[in-house]
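Visitor: heads up, no residue letters with this:
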Ligand code: 5RP
């Protein structure tokens, strides 16, 4: 049986093989699945199979990986439209709405992926869920100033349905690591994970409510943005359009 890493590699490589062409401006996602898409872009540029591709990374980690592979990088300031962006996700619902930000890069991911003509999501089967919420905590990036107040405001939103706000700790912005220091994002902000015990029934409404809270920079609900989901499971790869 294929390991989790092999599944991630399969979807990462397939996304690049199917959707990236010479001359494109490409958004590079963040995380252990997106890692393989970045690797594939680097390989194909090196072999000459892809030419004149420029890329916009969604985190410092991805920028460093891309630089090491010799992928030419640009920014949204010079290139406001991308042809395609490829990224992982923490949860994917049946309509392709996502929870992202487990790796702490949700702001840069959202600004890049919103600017892309096509957004391709790459996941293994474990990320698929019936409803967003209980499947994976909802990450929100907030300003450090008065962060405890902002967290209380988030908890008080009726559409939050009683979810508790947990300040992310750790030496990096990755919520899988422990640590006794507050995790700081690439943007110098804090990350709060909302522990939802019930399904999010109206993700668009919740997204609207969260972004209105003063102190919130961005949230990990990516609604109506996905064009294709590439899912790796034990029975093979499935593409949902
Ligand atoms: C980073 C993200 C990642 O795409 C998400 O956390 C999935 O990561 P992985 O592929 O490592 O499971 O949103 O902010």
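Guide: Received it, and whenever you're ready, just let me know what you need. All values reported here derive from a predicted model rather than from experimental measurement.
Visitor: What ranges does the chain have for its strands?
Guide: 25-28, 54-57, 84-87, 91-92, 98-99, 119-124, 138-142, 164-167, 190-195, 216-219, 221-222, 228-233, 236-240 (DSSP state E).
Visitor: Next, see if the fifth one gets close to the ligand.
Guide: It refers to strand 98-99. No - judged by CB under 6 Å from any ligand atom, strand 98-99 stays clear of the ligand, getting no closer than 8.2 Å. The way it works is simple: take the backbone N, C-alpha and C, and place the C-beta from them, glycine included.
Visitor: Can you list the strands that that strand pairs with?
Guide: strand 91-92 (antiparallel), strand 221-222 (antiparallel) (DSSP bridges).
Visitor: Switch the ones you listed over to CSV; also include mean pLDDT, distance to the ligand and mean neighbour count.
Guide: Supplementary listing: these in CSV, determined by pLDDT from 0 to 100; distance: least, CB to the nearest ligand atom, whole Å; neighbours: other CB atoms under 10 Å:
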stretch, mean pLDDT, distance to the ligand, mean neighbour count
strand 91-92, 97, 9, 25
strand 221-222, 98, 9, 26
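Visitor: Output the ones you listed in CSV; the columns should cover distance to residue 6.
Guide: Shown next, in CSV, are those (distance: least, CB to CB, whole Å):
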stretch, distance to residue 6
strand 91-92, 20
strand 221-222, 26
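Visitor: Out of these, flag the one nearest residue 236.
Guide: In terms of CB to CB, the element of these nearest to residue 236 is strand 91-92, at 17.4 Å.
Visitor: Residue 56 is in contact with residue 112, isn't it?
Guide: Yes - counting by CB atoms under 8 Å, residue 112 is a contact partner of residue 56 at 5.4 Å.
Visitor: what residues do the two have in common as contacts?
Guide: Shared contacts of residue 56 and residue 112, defined by CB atoms under 8 Å, 6 or more residues apart in numbering, comprise 27, 76, 82.
Visitor: quick one: which of these is nearest to residue 39?
Guide: residue 27 (15.5 Å).
Visitor: Spatially, and excluding backbone neighbours, which residue is closest to that closest one.
Guide: residue 85 (2.8 Å; CB to CB, 6 or more residues apart in numbering).
Visitor: Tell me the most packed of the shared contacts of residue 56 and residue 112, by neighbour count.
Guide: Counting neighbours by other CB atoms under 10 Å, residue 27 leads those with 31 neighbours.
Visitor: do you know how far it is from residue 64?
Guide: Distance of residue 27 to residue 64, given as CB to CB, to the nearest Å: 16 Å.
Visitor: for the single longest helix found in the chain, the distance to its chain's centre please.
Guide: Longest helix in the chain, counting residues (DSSP state H): helix 4-19. Put simply, helix 4-19 sits 16 Å off its chain's centre (CA atoms, centre = their mean, to the nearest Å).
Visitor: how much does that helix deviate in direction from strand 236-240?
Guide: 50 degrees (axes from the mean of the first three to the mean of the last three CA atoms, to 10 degrees).
Visitor: buried set for helix 4-19?
Guide: 7, 8, 9, 10, 11, 12, 13, 14, 15, 16, 19 (16 or more other CB atoms under 10 Å).
Visitor: next one: stretch 78-90
Guide: 82, 83, 84, 85, 86, 87, 88, 89, 90.
Visitor: Name the nearest residue to the second one, sequence neighbours excluded.
Guide: With CB to CB, 6+ apart as the criterion, residue 83 has its nearest non-adjacent residue at 4.0 Å, and that residue is residue 24.
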